[in-house]
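In: my questions are about this predicted structure, shown below with the sequence.
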2 protein chains.
Amino acid sequence: MAVLTPYEQLEQEFRRLHAFRGALAVLRWDAAVTMPRGSSDVRGEQLAAIETECHSVLTSPRLTRLLERAEASAAGLRDWQRANLREMRRERDHAIATPPSLVARLARATARAEALWREARERNDFAILAPALDEVLRLTRNRAAMLGQHMGLDPYDALLDEYTPGLLSADIDGWFATLAQRLPTLVSEVVEAQEARPVAPIAGRFPASKQRALCVDVMKALGFPFDRGRFDGSERTFTEGVPGDIRVTTRFDPAEPFTGLLGALHETGQALYDLGLPSEWLDQPVGQDRGMALDESQSLLLEMVVGRSRAFVDYLLPLLARHFGLSGPEWSADNVYRRLTRVQRGPSRMDADELTYQAHIVVRYELERRLLSGDLPVQDLPGAWNELMERRLGLCPANDTEGCLQDVHWALGSFGYFPSYAIGAVIASQLWESLREDLPELDGDIRRGEFARLTGWLRSNVHALGAKMTVPDLVKHATGRPLSVAPHLRYLERKYLTDW
Amino acid sequence: MAVLTPYEQLEQEFRRLHAFRGALAVLRWDAAVTMPRGSSDVRGEQLAAIETECHSVLTSPRLTRLLERAEASAAGLRDWQRANLREMRRERDHAIATPPSLVARLARATARAEALWREARERNDFAILAPALDEVLRLTRNRAAMLGQHMGLDPYDALLDEYTPGLLSADIDGWFATLAQRLPTLVSEVVEAQEARPVAPIAGRFPASKQRALCVDVMKALGFPFDRGRFDGSERTFTEGVPGDIRVTTRFDPAEPFTGLLGALHETGQALYDLGLPSEWLDQPVGQDRGMALDESQSLLLEMVVGRSRAFVDYLLPLLARHFGLSGPEWSADNVYRRLTRVQRGPSRMDADELTYQAHIVVRYELERRLLSGDLPVQDLPGAWNELMERRLGLCPANDTEGCLQDVHWALGSFGYFPSYAIGAVIASQLWESLREDLPELDGDIRRGEFARLTGWLRSNVHALGAKMTVPDLVKHATGRPLSVAPHLRYLERKYLTDW
């Protein structure tokens, strides 16, 4: 048997990690979809045992030695191998940066904060959460500082890098300032313009089984591989699994004909991303997706950009008629499109439309930076939230449950996460501009339910790159232009002002 | 933090192993029930990674050192702890006895033999399988010799011990000789007696959904915990999972009103065993079930002994009427009972009734001992099979597919497995005799669908003992008498001759 080089031994170790993580994905999917209600304690132990094993493989002295030896002779590697080695190092450094004692304290603090967050929401009383959130914030500051030191980054940038590798707050500060400035007036203009053309209400019952059949038709047209994947109804809308066993869920609401489908489109976007990853690197770090923001870009491209386009509505109408058997003026292409692109100010991020959603993220980005720096004390969060919502969206939440208590992210210590929703939309817009230039027949394709050219473009220009380069480099490679917020503003203005 | 004793450190390691094995159980269940058809390659890698990790934990020098140190101070342990330590040692010795190179060769040889077994069956040609089976046999002989050396047992006894801990071939040789002698005449007597009272045919369609609802009613009455367990239809009838997340499946045949239910009873027997294991030892070796034969005894007790009793038929009739909405003379208690206890000679083990099933196992036991000792060359198996079937059951298979090619066990290297089916029935009969003595109201309970006393007795006397003692000791503890084949013969004669 030939002796393996240090790099080859690393590939072997990461192949094991990939198998463990695939197992974790199935166990999480099962917990959400098929597990008996009372079995979460047993499942928690199984997940923890495998996660601990992954962490111990990643942080072992053996792996560190192998990395050092492989890096010393990296000149002999091909470029994908070098990128893979860089990603191995990145994973190991992320894993080792936070000492186990801090990991344990964070786990306890976030578990406590999550429980208190639920209680605070129910009783509409932020004070219930405040001390626990303060503790999470303190520990997260420690974690960010250690991570930053390891990576040569500012603490907040170190957190941001977990979700959007290669992007710094210096890059996105300008985007968020632009959005903060333009969104309030844009929303006002759009709301005013839409008032002239109201949406006829769409009523009825839409059984889950019929919604499911509609989704399956659309997912098949998009190329979702039902022999190597599943699609289920669930409480939450999510994607789990690995390429080769990818599992999409959506939430069906019998009173709502579109939310189940839009959820399925969102998740199919992520699933197609996973399925388009470079097949020869699937079990290696460089063969993974490039993080949350890019995931989100692929989801939003299908759910928001394609799924709420006029061409897609034309494709959808006969399917709606076939599956729901309904007709009438409220089912005209015009009215369905108006419904899908309706802009309305509201206090909830989750219920927000494509346009006001960005204002919700701007508010969170500004506040989480101030929270993390210590500039905004936790007890002042409700006031600061309401004041900023007023300025950025022109709306003040009626109470904290509708306001700063609506999301669980901060209680879980997920700082640096929120911006990736907006960055995802920014990336999606820039990709869409290039897609339209490269594929002049795109609208016709969508209208006919032919998505091969669209998904083919995404596969070659985005998915097949895996984690080979940073997010900004990847977008530049795909579109030929530096990543910027300008295409996003052009997209929003054209869709919601010019074309509507 | 207090320093852990070697024994406590062992408990920690086996707690991890238990979590890994629970994860494996969910992954196997998912592969059989919910996994997309094309994903078996991905799943194979996940299972292999976790299995390899388990093996490496069990065979690590650290674990061996801990065992030695704990054994040196075992006098300070309580009796359950000592039993736990003994089972830890047993697991480690089993794992380490077969060197990894032999494990790998066996894995390849059995994979090859399994594929050729399928082909041989399809083409009804034993010669296709023979050379591969010979190789499996050769490697299994090596494995048995090594295992035996480690355990101070004869090679065949070492294999038997994997399925029925504590029982030797010297113990069961006599049982099988008795069965071999008594069964042919008993079967003849029963078949002749039954001819006088034929079964009226039961025809109709029994949709899976109605069969499922019937099974759920029966399983609820038996105490299956649906909040910590699942019940699904599947290609195969099996039980997976761990106490706390136990999952039962059965195969529904729309032309057959009883096979789905009997399968569910069989698996519920095993599930109740798992659920009755000592709760404070669930994540330790001593808290596991006592092997295949005892598993089988719990399954057969419900499927064969209770499920095919006259009292159970009385309980079942109103349920059959409610779920299938059928009536008529063929649905009388008498006719349903006759159908469930019909004895018929046939070539297939899987389709055999309670009585002739044992003859099928006798044939396999005699042949696998001769195969393993080398006394019967593989190429002579078909002839020896047919000749022995004639002698033990009075029937000669029409061809090898119906004969020695019907089971996959030997191709998979599972020698020592077949006897546990018969031993399970022997144990079930002896438990049943004690049960009836201890619970004089048992028939009335069953007739009313009240199973609490029955399952309570099994829990206290069998389930709650986990793996604390060997199989013979456990049965003696539960029944007050040494394990023997006599109660089984009494049971068969009474049920099929006296009472029928």
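Out: Structure's in. What do you need? Quick caveat, the model's predicted, so the values are computed rather than measured. Numbering: from 1, shown residues only, chains lettered A, B, ... in the order given.
In: specify the local secondary structure of residue A:248.
Out: Three-state assignment for residue A:248 (DSSP: H, G, I helix; E, B strand; the rest coil): strand.
In: ignore the last one, residue A:12
Out: Strictly by three-state DSSP, residue A:12 counts as helix.
In: ok, now which ones touch it?
Out: residue A:4 (Cβ atoms under 8 Å, 6 or more residues apart in numbering or on different chains). Yep, even glycine has a C-beta here, placed from its N, CA and C like the rest.
In: can you pull the pLDDT of it?
Out: At residue A:12, the pLDDT value in this model is 96.
In: tell me the spacing between it and residue A:6.
Out: Residue A:12 is 11 Å from residue A:6, where distance means Cβ to Cβ, to the nearest Å.
In: ok, now residue A:409?
Out: 39 Å.
In: ok, residue A:293 next?
Out: 32 Å.
In: who has more neighbours out of these two?
Out: residue A:293 (25 against 17; other Cβ atoms under 10 Å in any protein chain shown).
In: state the helix or strand in which the nearest residue to residue A:327 once chain neighbours are set aside lies.
Out: With Cβ to Cβ, 6 or more residues apart in numbering or on different chains as the criterion, residue A:327 has its nearest non-adjacent residue at 6.4 Å, and that residue is residue A:321. Using DSSP states H and E, residue A:321 falls within helix A:310-324.
In: name the residues of that helix that come out as buried.
Out: A:310, A:311, A:312, A:313, A:314, A:315, A:316, A:319, A:320, A:323, A:324 (16 or more other Cβ atoms under 10 Å in any protein chain shown).
In: would CSV of these with distance to residue A:347 be doable?
Out: Below are the buried residues of helix A:310-324 laid out as CSV (distance: Cβ to Cβ, whole Å):
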residue, distance to residue A:347
A:310, 29
A:311, 32
A:312, 29
A:313, 28
A:314, 33
A:315, 33
A:316, 30
A:319, 33
A:320, 30
A:323, 33
A:324, 31
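In: restrict the residues you listed to contacts with chain B.
Out: When Cβ under 8 Å from any Cβ of the partner chain is applied, no member of these is adjacent to chain B.
In: residue A:416: which of those is nearest?
Out: Comparing those against residue A:416 with Cβ to Cβ places residue A:312 closest, at 32.6 Å.
In: just checking, the closest one touches residue A:305?
Out: No: with contact defined as Cβ atoms under 8 Å, residue A:312 does not reach residue A:305; the gap is 9.3 Å.
In: find the residues that touch each one of the two.
Out: In contact with both residue A:312 and residue A:305: no residue, using Cβ under 8 Å, 6+ apart.
In: picking up where we left off before, so what's the residue nearest to residue A:327 scoring on pLDDT?
Out: 93.
In: how close does it sit to residue A:336?
Out: 11 Å.
In: what residues are up against residue A:415?
Out: A:140, A:144, A:156, A:159, A:368, A:371, A:372, A:409.
In: just want the residue of the stretch 301-450 of chain A that's nearest chain B.
Out: residue A:302 (20.8 Å; Cβ to the nearest Cβ).
In: ok, the closest residue to that residue other than its chain neighbours - contacts?
Out: Using Cβ to Cβ, 6+ apart and skipping the chain neighbours, the partner closest in space to residue A:302 is residue A:269 (3.6 Å). Residues near residue A:269 by Cβ under 8 Å, 6+ apart: A:298, A:299, A:300, A:301, A:302, A:303.
In: residue A:385: which of these is nearest?
Out: Using Cβ to Cβ, these come closest to residue A:385 at residue A:300, 24.5 Å.
In: buried ones in the host helix or strand of residue A:28?
Out: Assigned by DSSP H and E, residue A:28 falls within helix A:6-33. By neighbour count on 16+ other Cβ under 10 Å, the buried set for helix A:6-33 is A:6-7, A:9-11, A:13-14, A:16-31, A:33.
In: stretch A:95-104 now?
Out: A:95, A:96, A:97, A:98.
In: for the second one, what are its contacts?
Out: Listed by Cβ under 8 Å, 6+ apart, the contact partners of residue A:96 are A:58, A:59, A:64, A:150.
In: around chain B, pick out the residues from the stretch 201-350 of chain A.
Out: A:225, A:226, A:227, A:228, A:229, A:230, A:242, A:244, A:245, A:283.
In: could you dump those residues to a markdown table with pLDDT?
Out: Listed next are these as a markdown table, based on pLDDT from 0 to 100:
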| residue | pLDDT |
| --- | --- |
| A:225 | 96 |
| A:226 | 96 |
| A:227 | 94 |
| A:228 | 94 |
| A:229 | 96 |
| A:230 | 96 |
| A:242 | 92 |
| A:244 | 92 |
| A:245 | 95 |
| A:283 | 97 |
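In: from those residues, pick the one nearest residue A:85.
Out: Taking these together and measuring to residue A:85 by Cβ to Cβ, the closest member is residue A:283, at 15.0 Å.
In: if you skip the residues just before and after it, what's nearest to that closest one?
Out: residue A:18 (4.0 Å).
In: got it, and residue A:202?
Out: Using Cβ to Cβ, 6+ apart, the nearest residue to residue A:202 is residue A:330, at 5.0 Å.
In: now do the phi/psi pair for the residue of the stretch 351-500 of chain A found nearest chain B.
Out: Of the stretch 351-500 of chain A, the residue with the smallest distance to chain B, taken as Cβ to the nearest Cβ, is residue A:466 at 17.3 Å. The phi/psi pair for residue A:466 (degrees, to the nearest 10) reads phi 50, psi -130.
In: and it, what does it touch?
Out: A:277, A:278, A:281, A:286, A:287, A:288, A:289, A:290.
In: grab the nearest non-local neighbour of the residue nearest the centre of chain A.
Out: Nearest to the mean C-alpha position of chain A, counting by Cα atoms, centre = their mean, stands residue A:296 at 3.6 Å. Among residues not flanking residue A:296 along the chain, residue A:424 sits closest, at 2.7 Å (Cβ to Cβ, 6+ apart).
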